[in-house]
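1. the sequence and its predicted three-dimensional model are supplied below.
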Amino acid sequence: MIKRYIALLLSAVLLAAALSGCSGGGNNPVIKKQKVETTVQSKVDTSSFRLSYSMADSLDPYETETLNNQVIQTLVYDSLFILDENYEAVPSIAESYTYKDPETLVVRLKTGLKFSDSTGIAGENIEYSFKMAKESPHWASTLSVFSSIEVESAYEVTFRLKSPNPEAHKLLTFAIARMKKNKQGFKIGSGRYKFTEADGSVALVKNEYYPNFNPKFAKINLVNITTNESIENAINIGNISYAYLDLAEGSKTKILSASKTVNLNNLVYIGIYCKNGITENRNIRRAINLAVNRDALVKSAYRGYATAAKSIFNPVTSLSKKTQIFETGADLNAAKQAVASSGYSKDRLKLTLLTDKSEGKRATANLVKQQLEAAGFTVNLRVLKSSEYKEYVRDGYYDIYIGETKLKGDMSLSSFFSSDGATHHGIDTDGKTAKAYRAYLKGDKEIGSFILNFTQEMPFVPLLYRQGMICYTKSLQGDMQGYDGNYFSNIEDWYYN
């Protein structure tokens, strides 16, 4: 009995020692429990996942004009960099970048990457793609800051800038393709999928040369749907599985599918004619800024699909977090004090406000009119056709207008402060704010100097940053992590029950 007791005690001691040795201390190996899968692994799917595209538009990345096809192409063509949800550059085909000087950007490529036809990606492919993209409808404006490209070696290219831009690498998001097309006439990319066609039907199939990509959807069928309204209906009834909606014109139908909000780089603002009239007075411009209620605009004009601008820059960016200068609610007392400081009597506080007929801007204009009138202004609102609106803004037939612009990935405001900029109308491009911004880009001044000048002059009034929407059928499973410019970021994790 005693021997048996001793044997049991010895066994217990040895067991305790063994367990202690497995705790990870010292040089002993850590023993981890094997994860037990509790979900049934879904099979590879070649038929059920469907996306919309526009048959009437080209699928060539350098010729396509519709958002529909541009969204599809992010699955087929990779770029040097992609932008994450905070608009920070993440290397894709690029490995690294350096600025040799303020106007010279050198990009080093990753080695071993291949196009979907198994050929390697080299500097000559970047040069070809850059030159094609620079003349394309989609990327011409974004790449206009670059003057040229030079291939230094198989894995190094140099981009020349027209003027200093410390964030220019964030603009290198254009599609990289081979000069040669495949047998079916599609440009060859290096993305997760490639185009294929059979019996007149276009589809995407898995790119077998894309590293570490094992999606459930080995094939994605494309359905010809052209209008936003038709796309919304198609996602509601299940004709397509997934769609990105820009919401530029609002949603015409009720979305019945699952959805996710997408932050965009689309700035909605009040443009101001700063060159004459009462808006030439900086105190009047400050009063306009103080009188607007950005929260109300987000809630009512954009039905929550926007974020109030606390800064000039996009709220999700690091620049915005450093430069928050606006209140999201109205301060009518401060607005009235600014009016008093202007020296204008009440009978002279008259403004002509322009907008076009788009849903969001028209609703914004109506609310801004009410908000300014609460501060003592008399506002004459003019709602114009798009072509007429552009003409009136260009020629200065306004005091203020409601504008929208999609800022580039580098967050550049040069379109406001350059004489040839698309949104410079009414702004003194030789004023203190414009000069301070150019000095910031050159590295001669800190961002704070520009912000100080902006708040003093208030050349325009940032209101909000608009949002879009990703929609998908409720039977589609997986954490939908898509965002602006990278709509299918984790498509390999999606599946149907």
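-> It's in.
2. thought Lys361 was touching Glu404, still the case?
-> Yes - in this structure, Glu404 is within contact of Lys361 by C-beta atoms under 8 Å, at 6.4 Å. For glycine as for every other residue, the C-beta is placed from the backbone atoms N, C-alpha and C.
3. shared neighbours, those two?
-> Val268 (C-beta atoms under 8 Å, 6 or more residues apart in numbering).
4. looking at the two, which has the bigger crowd around it?
-> Lys361 (21 against 18; other C-beta atoms under 10 Å).
5. and what about the more buried one, helix, strand or coil?
-> Put simply, Lys361 is helix when judged by DSSP: H, G, I helix; E, B strand; the rest coil.
6. quick one: the strands in the stretch 51-200 of the chain?
-> 81-83, 89-91, 94-101, 104-109, 146-153, 156-161, 193-198 (DSSP state E, counting those that start in this stretch).
7. what helices or strands is the first one leaning on?
-> In terms of contact count using 3 or more C-beta pairs under 8 Å, 6 or more residues apart in numbering; DSSP states H and E, strand 81-83 is assigned the packing partners strand 89-91.
8. and the helices in the stretch 151-300 of the chain, which stretches?
-> 228-237, 282-291, 294-296 (DSSP state H, counting those that start in this stretch).
9. nearest approach to Asp430 belongs to which of those?
-> Closest to Asp430 of the helices of the stretch 151-300 of the chain, according to C-beta to C-beta: helix 282-291, at 15.7 Å.
10. could you export that closest one as PDB, CA atoms only?
-> Extracted C-alpha coordinates of helix 282-291, given in PDB (Å, rounded to 0.1, in the frame of the first residue of the first chain):
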ATOM      1  CA  ARG A 282     -12.400  88.900 -44.400                       C
ATOM      2  CA  ASN A 283     -14.700  89.500 -41.500                       C
ATOM      3  CA  ILE A 284     -17.700  88.700 -43.700                       C
ATOM      4  CA  ARG A 285     -16.000  85.500 -44.800                       C
ATOM      5  CA  ARG A 286     -15.300  84.600 -41.200                       C
ATOM      6  CA  ALA A 287     -19.000  85.300 -40.300                       C
ATOM      7  CA  ILE A 288     -20.100  82.900 -43.100                       C
ATOM      8  CA  ASN A 289     -17.800  80.200 -41.600                       C
ATOM      9  CA  LEU A 290     -19.100  80.800 -38.100                       C
ATOM     10  CA  ALA A 291     -22.800  80.800 -39.100                       C
END
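11. any idea what Val461 is bridged to?
-> Ile270 (DSSP bridges).
12. please report how far it lies from Asn125.
-> From Val461 over to Asn125 the distance is 44 Å, taken as C-beta to C-beta, to the nearest Å.
13. likewise for Leu349?
-> Taking C-beta to C-beta, one finds Leu349 at 59 Å from Asn125.
14. can you give me the strands for the stretch 251-400 of the chain?
-> Assigned strands in the stretch 251-400 of the chain, in chain order: 258-272, 306-308, 350-356, 378-384, 400-406 (criterion: DSSP E, counting those that start in this stretch).
15. buried sites along stretch 254-271?
-> For stretch 254-271, burial by neighbour count (16 or more other C-beta atoms under 10 Å) applies to Ser257, Ser259, Val262, Asn263, Leu264, Asn265, Asn266, Leu267, Val268, Tyr269, Ile270, Gly271.
16. pick out the most distant pair among those.
-> So, the buried residues of stretch 254-271 by C-beta to C-beta: farthest apart are Ser257 and Gly271, at 36.2 Å.
17. low pLDDT regions in the protein?
-> 1-43, 45-46, 252 (pLDDT under 70).
18. which one of the strands of the stretch 51-200 of the chain lies nearest to Gly304?
-> strand 81-83 (24.0 Å).
19. what pairs with the closest one, parallel or antiparallel?
-> Applying DSSP bridges, one finds strand 81-83 paired with strand 89-91 (antiparallel).
20. how far off centre is the strand it pairs with?
-> 14 Å (C-alpha atoms, centre = their mean, to the nearest Å).
21. tell me how many other residues crowd Cys336.
-> Careful, residue 336 is Lys and not Cys. Neighbour tally, Lys336, other C-beta under 10 Å: 16.
22. buried sites along stretch 486-497?
-> Those would be Asn486, Tyr487, Phe488, Ser489, Ile491, Glu492, Trp494, Tyr495, Tyr496, for stretch 486-497 by 16+ other C-beta under 10 Å.
23. take those and keep only those in strands.
-> Counting by DSSP state E, the part of these found in strands is Tyr495, Tyr496.
24. okay, the buried residues of stretch 486-497 in TSV with distance to Glu327 next?
-> Converted to TSV, the buried residues of stretch 486-497 look like this (distance: C-beta to C-beta, whole Å):
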residue	distance to Glu327
Asn486	32
Tyr487	33
Phe488	38
Ser489	34
Ile491	40
Glu492	43
Trp494	41
Tyr495	45
Tyr496	46
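25. ok, of the buried residues of stretch 486-497, which one's closest to Glu457?
-> Distances from Glu457 to those, taken by C-beta to C-beta, are shortest for Asn486, at 36.2 Å.
26. ok, that closest one - contacts?
-> So Asn486 contacts Thr74, Ile82, Leu83, Asp84 (C-beta under 8 Å, 6+ apart).
27. would you mind measuring from it to Met480?
-> From Asn486 to Met480 the distance is 12 Å (C-beta to C-beta).
28. could you do Glu85 as well?
-> Relative to Met480, and taking C-beta to C-beta, Glu85 is found at 13 Å.
29. how many other residues sit next to Leu367?
-> The burial count for Leu367: 18, using other C-beta under 10 Å.
30. I'd say it and Lys299 touch.
-> No - here Leu367 does not reach Lys299: they are 9.8 Å apart, not a contact under C-beta under 8 Å.
31. tell me the span between the first and last residue of stretch 388-401.
-> 13 Å (C-alpha to C-alpha, to the nearest Å).
32. scratch that, stretch 59-75 is what I was asking about
-> By C-alpha to C-alpha, one end of stretch 59-75 lies 12 Å from the other end.
33. quick one, helices of the stretch 1-150 of the chain?
-> 2-21, 67-73, 123-134.
34. which residues touch the closest residue to Gly478 other than its chain neighbours?
-> Excluding its sequence neighbours, the residue lying closest to Gly478 (C-beta to C-beta, 6 or more residues apart in numbering) is Trp494, at 3.9 Å. Taking C-beta under 8 Å, 6+ apart, we find Trp494 in contact with Phe49, Pro215, Lys216, Phe217, Leu476, Gln477, Gly478, Met480.
35. out of these, who's the most crowded?
-> Phe217 (26 neighbours).
36. that one and Thr98, how far apart?
-> 38 Å.
37. for Val383, same thing?
-> The value you get for Val383 to Thr98, if C-beta to C-beta is used, is 50 Å.
38. swap in Lys162?
-> In terms of C-beta to C-beta, Lys162 sits 19 Å off from Thr98.
39. which residue comes closest to Phe186 once chain neighbours are left out?
-> According to C-beta to C-beta, 6+ apart, the nearest residue to Phe186 is Phe195 (4.0 Å).
40. and if you look at Gly123?
-> Val151 (4.0 Å).
41. so who does His138 touch?
-> Contacts of His138 by C-beta under 8 Å, 6+ apart are Pro61, Tyr62, Thr64, Glu65, Gln70, Phe174.
42. cool, Ala434 as well?
-> Phe417, Ser418, Ile427, Asp428, Pro459.
43. that one falls within a strand, correct?
-> No - counting by three-state DSSP, one finds Ala434 to be helix, located in no strand.
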